[in-house]
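Visitor: fold the stuff below for me.
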Amino acid sequence: MKLTILGGGGFRVPLVYGALLGDHAEGRVTAVALYDHDPARLTAIARVLTEQAAGIPDAPTVTAGTDLDEALRGADFVFSAIRVGGLEGRAADERIALAEGVLGQETTGAGGVAYGLRTVPVARELALRIARAAPDAWVINFTNPAGLVTEAMVPALGGRVIGICDSPVGLGRRIARLLGADPARARVDYAGLNHLGWVRGLYVDGRNELPRLLDDPTLLESFEEGRLFGADWLRSLGAVPNEYLHYYYFNREAVRAYQEAERTRGAFLRDQQAAFYTEAARPGTSALAAWDRTRAEREATYMAENREAAGAGEREDSDLESGGYEQVALALMRAIARDERAELILNVPNRGTLPGLDDEAVVEVPCTVDSKGPRAAPVAPLPYHAAGLVASVKAVERAVLAASTSGSRRDAVAAFALHPLVDSVTVARRLLDAYTAAHPGLSHLR
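Guide: Predicted structure coming up:
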């Protein structure tokens, strides 16, 4: 099988390749095509992958290039992990929002809207190119904002595009282990949108074990989400939120912490990754060793401002293990290619799964996957506080999609102004003016 990675020069590509190296079964991926518009980044990542594959006789072959149609030709799976505007664009998103006193995070708040406005047109064009060049391929989308971008690609690709995220998987695993359960045997009741969901139950042999966690303050505050949100608030919710909901529940504290930080997250990653790509290009340097060091620092500093605002302290070893989006992607490919039934939390069209949203709305819910693709499992309605937040954010996503189609500044202003974390239409207009001045990728708005 052939896997094409869009954004093949991206820093996290070695995670995907590392997962593939551990798969030796029949029907595995045997060829990987990296596509990127930046040849220098492609070369650096290809060097990392070459070192990863050393000593593994059946390692998937790797090709790298800047010709999209060539990369797509013959692909069985396409993994989309592009970043329109690069990390410089992310840093600008954060800086502009924080200057207005609102959140600039890349998927949440004003920053997420700006990122979506410039990414959706590119994602739609990619979807059309994939449909022409590799019509039978399954597309796994990890491009942020993942739910919004997946919804933008559905008209061209139908049910063959699936969004993934490691956050809900990692959260479910941490909860299961806290409760002494095997994560592989636990069923997680999770529902919402990408970066906007809640674990409402964790079932082992038919029994919901989550109340046992919520009743134990010491156990609750022994893992990252418990420290972020606090035991009292989690008990009030009767659920464990995705970590990104910290931006909503503690918005003032988060914004203040980001304003006071020496550098925003985007600026930190921009500088960190620039240093990595420079080092990886040097003759005689181990690109893999440089990548390992950079990744360890990246994981240790994840959501540092939120932890500081919450007084949660440094990340513990148990917090550093994400859900492993590369493992989610591998499990998804195995289930489809080998007809191996898998239970995964994915971003898929609603189709009546989550009450209160239309069928076309992409939601993040548990799914059963086999050779026919994912089928969302029925979920109970969200409580009013969560349903209202989900509906508001979905309205924002729809405004982004509308603006990306119409090129209308009115639709774009609505996308900013309707967001729960933007508190003024006047601020929304100023944000759009600043973002269009900063990003050539928003020149389609008029």
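
Visitor: do a quick rundown of the helices in the stretch 301-446 of the chain.
Guide: 304-310, 325-338, 384-406, 409-417, 425-438 (DSSP state H, counting those that start in this stretch).

Visitor: err, the stretch 151-300 of the chain, not the other one
Guide: Counting by DSSP H, counting those that start in this stretch, the segments of the stretch 151-300 of the chain that form helices are 167-178, 210-214, 217-220, 224-229, 231-237, 246-249, 251-260, 265-280, 287-300.

Visitor: just list what the second one packs against, helices and strands only.
Guide: With contacts defined as 3 or more Cβ pairs under 8 Å, 6 or more residues apart in numbering; DSSP states H and E, helix 210-214 has these neighbours: helix 167-178, strand 196-204, helix 217-220. All C-beta atoms are positioned from the backbone trio N, CA, C, and that covers glycine.

Visitor: so for it, mean pLDDT?
Guide: Mean pLDDT, helix 210-214: 97.

Visitor: which other residues reach that helix?
Guide: Outside helix 210-214, the residues within contact range by Cβ atoms under 8 Å, 6 or more residues apart in numbering are 175, 178-179, 199-202, 219-220, 234-235, 238-240.

Visitor: pull that helix out as CSV, backbone CA atoms only.
Guide: Below are the C-alpha coordinates for helix 210-214, written out as CSV (Å, rounded to 0.1, in the frame of the first residue of the first chain):
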residue,chain,number,x,y,z
LEU,A,210,-16.1,7.6,35.7
PRO,A,211,-18.2,8.4,38.9
ARG,A,212,-15.5,6.6,40.9
LEU,A,213,-12.9,9.1,39.6
LEU,A,214,-15.2,12.1,40.1
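
Visitor: for Gly8, find the nearest of the helices and strands packed on helix 210-214.
Guide: Each of those has some distance to Gly8 by Cβ to Cβ; the shortest is helix 167-178, at 23.3 Å.

Visitor: pLDDT on the closest one, on average?
Guide: The predicted confidence, averaged over helix 167-178, sits at 94.

Visitor: do the same with stretch 90-102
Guide: Stretch 90-102 comes out with an average pLDDT of 97.

Visitor: buried set for that stretch?
Guide: Within stretch 90-102, the residues that qualify as buried are 90-98, 100, 102, counting by 16 or more other Cβ atoms under 10 Å.

Visitor: would you mind measuring from the closest residue to Leu442 other than its chain neighbours to Pro168?
Guide: Among residues not flanking Leu442 along the chain, Thr436 sits closest, at 4.6 Å (Cβ to Cβ, 6 or more residues apart in numbering). Between Thr436 and Pro168 the computed distance is 33 Å (Cβ to Cβ, to the nearest Å).

Visitor: cool, Asn208 as well?
Guide: Taking Cβ to Cβ as the criterion, Asn208 is separated from Pro168 by 17 Å.

Visitor: for this structure, identify the residue most remote from the centre.
Guide: Gly284 (34.0 Å; Cα atoms, centre = their mean).

Visitor: pLDDT score for that residue?
Guide: 91.

Visitor: for Ala312, same thing?
Guide: According to the model's per-residue confidence, Ala312 sits at a pLDDT of 53.

Visitor: ok, Gly266 next?
Guide: As predicted, Gly266 sits at a pLDDT of 93.

Visitor: can you check Glu316 too?
Guide: At Glu316 the predicted local distance difference test score is 53.

Visitor: and Asp36, its phi and psi?
Guide: Comment: the main-chain dihedrals of Asp36 come out as phi -160, psi 160, following degrees, to the nearest 10.

Visitor: now do the helices in the stretch 1-150 of the chain.
Guide: For the stretch 1-150 of the chain, the helices identified by DSSP H, counting those that start in this stretch occupy 13-21, 39-53, 68-72, 86-99, 110-133, 146-157, in order along the chain.

Visitor: out of those, which gets nearest to Val422?
Guide: Proximity to Val422 (Cβ to Cβ) singles out helix 110-133 among those, at 5.6 Å.

Visitor: for that closest one, packing partners?
Guide: Packing contacts for helix 110-133, counted by 3+ Cβ pairs under 8 Å, 6+ apart, involve helix 68-72, strand 77-80, helix 86-99, strand 138-141, helix 146-157, helix 384-406, helix 409-417, helix 425-438.

Visitor: switch the cut-off to 6 Å
Guide: Contacting helix 110-133 under the criterion 3 or more Cβ pairs under 6 Å, 6 or more residues apart in numbering; DSSP states H and E are the following elements: helix 86-99, helix 146-157, helix 384-406.

Visitor: now, of those helices, which is deepest in the fold?
Guide: Each of the helices and strands packed on helix 110-133 was scored by mean neighbour count; the highest is helix 146-157, a mean of 25, by mean count of other Cβ atoms under 10 Å.

Visitor: roughly how far apart are the nearest residue to Leu179 once chain neighbours are set aside and Gly8?
Guide: Residue nearest to Leu179 in three dimensions, not counting chain neighbours: Glu209, with 4.8 Å by Cβ to Cβ, 6+ apart. Between Glu209 and Gly8 the computed distance is 41 Å (Cβ to Cβ).

Visitor: just want to know which of these two has more residues nearby.
Guide: For the pair Glu209 and Gly8, the greater number of neighbours falls to Gly8 (29 against 18), based on other Cβ atoms under 10 Å.
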